[in-house]
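S.K.: whatever this is, show me its structure:
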Amino acid sequence: MADVLIQSVTKRYGTVEVVPSLNLEIPEGSFTVLVGPSGCGKSTLLRMIAGLETVSDGKIFIGGTDITHTAPSQRGVAMVFQSYALYPHMSVAENIGFGLRLAGMGKSEMEGRVREAADILQLGPLLDRKPKQLSGGQRQRVAIGRAIVRKPKVFLFDEPLSNLDAALRAQMRVELSELHERLGSTMVYVTHDQVEAMTMADQIVVLNKGHIEQVGAPMHLYNAPATPFVAGFIGSPKMNFLQGPKPWASAPQGALIGIRPEHITLSQTGGQWPATVRHVEHLGGETLVHLDSECVGSLTVKVTGDLSAQAGTTLHASPRPEMLHVFTDGQRVSA
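M.R.: Below you'll find the predicted structure:
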């Protein structure tokens, strides 16, 4: 395992600059997640680390070695893609060991590494099966096994769970987190799903139009988002941004005020902001209530359990004052 250092890296396609000068440190042994909307540059950055995209300007170091112009196969990285890319005519064991066989590794050592990876990923009983005989989650574990046997310095994941259904994604999030704990390897993971970022990362990098908005631990980004973009992207449902001439009396004039849905209480008898129920989503253990308030505009409120409220009825919403987020000139000034 090794750290990754990105120094003033820029990526241009012709005259179009998709990643402006960017600096980032990925600590050794960390699980770093690059997150952001489509087109923010996260996959491009990952592919530059892998050597699948050239760097227009700047340098990339892995374990202190400049690998900016090093061939992908010589960088000590292994990449897992969104597509499983398994050979349908090969068994699970043959798919996992294929790269080692191409590299000329001896049969005994190759079989040992394949068996070790299979044990880690609970694929031992499936080694003789073909990909068509596997579930989506099992196929993705085979693709991960193909990376593990190479014993790379850095694992790179490019949205590896996006082809799985919701239940499998939840299961694989746990399995990948446990894999990281077991291997202790440096992992860089790309996703547009902030739930994946929050549940798996020890360091999140939020990207927006090629720029880094904020870097930090998941709960730090949740509790102290540096910009309105981070505040709106991290957290589900996303943060409410209050409208109106002055939605909170103590805030600076012209400030943007935010409050998360789970930090608002509802009452039928009284509260800070009278609001009309627009829609109610019952999710079992929690309920999302969508409201319109003349005081602060549209609101989404998350409450525990069931809430009997019909569209068109009036409820009173009250924020927890200590949980308000205040932004001026695009930067957080308080909470």
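S.K.: give me the neighbour count for the nearest residue to Leu24 once chain neighbours are set aside.
M.R.: Residue nearest to Leu24 in three dimensions, not counting chain neighbours: Ile6, with 4.4 Å by CB to CB, 6 or more residues apart in numbering. In this view, the C-beta of every residue, glycine as well, is placed from N, C-alpha and C. By other CB atoms under 10 Å, the residues close to Ile6 number 21.
S.K.: likewise for Gly254?
M.R.: Neighbourhood size, Gly254 [other CB under 10 Å]: 9.
S.K.: am I right that Met276 is in contact with His290?
M.R.: Met isn't right for residue 276; it's Thr. No. Using CB atoms under 8 Å, Thr276 makes no contact with His290, being 10.0 Å away.
S.K.: circling back to that earlier point, wait, isn't the residue nearest to Leu24 in contact with Ser21?
M.R.: No. The criterion here is CB under 8 Å, and Ile6 misses it with Ser21 at 10.2 Å.
S.K.: give me the more crowded residue out of Thr276 and His290.
M.R.: With neighbours defined as other CB under 10 Å, Thr276 and His290 compare such that His290 has more, 17 against 13.
S.K.: can you give me the helices for the stretch 201-335 of the chain?
M.R.: Counting by DSSP state H, counting those that start in this stretch, the segments of the stretch 201-335 of the chain that form helices are 218-223, 228-233.
S.K.: average model confidence for the last one?
M.R.: This means helix 228-233. The average of the pLDDT scores along helix 228-233 is 95.
S.K.: could you do the first one as well?
M.R.: Throughout helix 218-223, pLDDT has a mean value of 96.
S.K.: need the contact partners of that helix.
M.R.: With CB atoms under 8 Å, 6 or more residues apart in numbering as the test, helix 218-223 has contacts from 197-199, 201-202, 204, 206, 214, 230, 234-235, 335.
S.K.: just the buried members of these?
M.R.: 197-198, 201, 204, 206, 214, 230, 234-235 (16 or more other CB atoms under 10 Å).
S.K.: need the overlap of contacts for Ile6 and Ser21.
M.R.: Gly58.
S.K.: pLDDT value on the residue nearest to Gly258 when sequence neighbours are not counted, please?
M.R.: In this structure, Gly258 finds its nearest non-sequential neighbour in His325, 4.1 Å apart by CB to CB, 6+ apart. We have a pLDDT of 93 for His325.
S.K.: His325 and Leu283, how far apart?
M.R.: 24 Å (CB to CB, to the nearest Å).
S.K.: picking that back up, got the buried residues for the strand or helix carrying the residue nearest to Leu24?
M.R.: Per DSSP states H and E: Ile6 is located in strand 4-13. For strand 4-13, a neighbour-count test (16+ other CB under 10 Å) marks 4-7, 9-11 as buried.
S.K.: check the residues you listed against Leu127 and report the nearest one.
M.R.: Using CB to CB, Val4 is the member of those that sits closest to Leu127, with 32.3 Å.
S.K.: show me the beta-bridge partners of the closest one.
M.R.: Beta-bridge partners recorded for Val4 (DSSP bridges): Ile26, Ile62.
S.K.: pretty sure the residue nearest to Gly258 sits against Met239.
M.R.: Yes. When contacts are counted by CB under 8 Å, His325 is listed as touching Met239 (7.1 Å).
S.K.: could you list the domains of the chain?
M.R.: For the chain, automatic domain parsing gives the domain ranges 4-225, 237-334.
S.K.: so which of those domains is the most packed in?
M.R.: domain 4-225 (a mean of 18; mean count of other CB atoms under 10 Å).
S.K.: now find how far off-centre that domain is within its chain.
M.R.: Distance of domain 4-225 from its chain centroid, counting by CA atoms, centre = their mean, to the nearest Å, is 12 Å.
S.K.: low-confidence ranges, the stretch 151-300 of the chain, go.
M.R.: Flagging of the stretch 151-300 of the chain using pLDDT under 70 yields the residue ranges 244-247.
S.K.: ranges for the strands of it?
M.R.: In the stretch 151-300 of the chain, the segments counted as strands under DSSP state E, counting those that start in this stretch are 154-158, 186-191, 203-208, 211-216, 240-241, 256-259, 264-267, 273-282, 286-293, 297-304.
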